[in-house]
Structure formats: structure tokens, C-alpha cells
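1. fold the stuff below for me.
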Amino acid sequence: MDIVEATFIITIVFITVVVPMWVWMHYRYKTKQVHGLSTDEQADLEEMMETANKMAQRIKSLESILDAEHPQWRQR
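-> Residues are numbered from 1 along each chain as shown. As a prediction, the model looks like this:
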């Protein structure tokens with residue numbers, strides 16, 4: 001098998017296998033991007049945001065308690 005035959009075989013495999021998968025994945029990604037989040041994903045995201053906000057508030061509370069009781073705790 002010479003280089004021309006090998007190149008031809010590789011090209012055929014690329015065109016018949018790789019290109020269709022590439023095109024299919026591209027348009028699948030574009031479709032998901034256009035539709036955005038599903039209702040379940042939006043609910044999960046809102047729940048995570050609520051949890052993050054609660055945690056941020058708790059951290060602020062803990063920092064204020066530490067600032068009152070041990071003013072130099074940030075330097076350690």
C-alpha cells in the first residue's frame with residue numbers, strides 16, 4: 001500500500017465517520033444553546049442560588065461574630 005492509497009482510505013473514513021458525527025454534534029449543541037435551560041434545570045439553578053445566598057449570609061454573620069470576639073483573626 002503506497003501513500004496515495006493510505007491517504008485515500010483515511011479520507012474516506014474521515015468523510016463517512018468523522019464529518020457526520022461532527023455535524024450532528026454541532027447542531028445538537030446549537031439546538032441546546034437556543035432552547036436554554038429546561039424547567040427542571042431552572043428550578044435546580046434557583047435552588048442553588050438560594051442556597052448560595054443563605055451560605056453567604058451565614059459567612060457574613062460568622063465573620064461579624066469573629067470580628068467582635070477576636071478582632072485579629074484575619075491576620076492569622
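2. from here on, contacts and neighbour counts on C-alpha atoms
-> Fine.
3. and residue 17, how many neighbours?
-> Close neighbours of residue 17, defined as other Cα atoms under 10 Å, add up to 11.
4. relative to residue 61, how far out is it?
-> 58 Å (Cα to Cα, to the nearest Å).
5. element containing residue 52, please.
-> Residue 52 belongs to helix 39-69 when assigned by DSSP states H and E.
6. that helix: how far from the chain's middle?
-> Helix 39-69 has its average C-alpha position 21 Å from the chain's average C-alpha position, going by Cα atoms, centre = their mean, to the nearest Å.
7. distance of residue 66 relative to residue 72?
-> From residue 66 across to residue 72, the span is 9 Å (Cα to Cα).
8. between these two, tell me which one has more neighbours.
-> Under the criterion of other Cα under 10 Å, the comparison of residue 66 against residue 72 puts residue 66 first, with 14 against 10.
9. surely the more buried one and residue 59 touch.
-> No: because the distance of 10.4 Å does not satisfy Cα atoms under 8 Å, residue 66 is recorded as not touching residue 59.
10. so what's the residue count around residue 64?
-> The local packing count at residue 64 equals 13, with neighbours defined by other Cα under 10 Å.
11. ugh, wrong one, residue 63
-> When counting by other Cα under 10 Å, one arrives at 16 neighbours for residue 63.
12. contacts only, for it.
-> Taking Cα atoms under 8 Å, 6 or more residues apart in numbering, we find residue 63 in contact with no residue.
13. and the protein, split by domain according to the record?
-> As recorded under automatic domain parsing, the domains making up the chain are 1-36, 37-76.
14. lowest-confidence stretch among those?
-> The weakest mean pLDDT among those belongs to domain 1-36, with a mean of 87.
15. list the buried residues of that domain.
-> Buried residues in domain 1-36, counting neighbours by 16 or more other Cα atoms under 10 Å, are absent.
16. again with stretch 61-76
-> By 16+ other Cα under 10 Å, the buried positions in stretch 61-76 come out as residue 63.
17. now the terminal residues of that stretch, how far apart.
-> Between the opening and closing residues of stretch 61-76 there is a gap of 19 Å (Cα to Cα).
18. how far does it sit from the chain's center?
-> Average the C-alpha atoms of stretch 61-76, do the same for its chain, and the two points are 35 Å apart (Cα atoms, centre = their mean).
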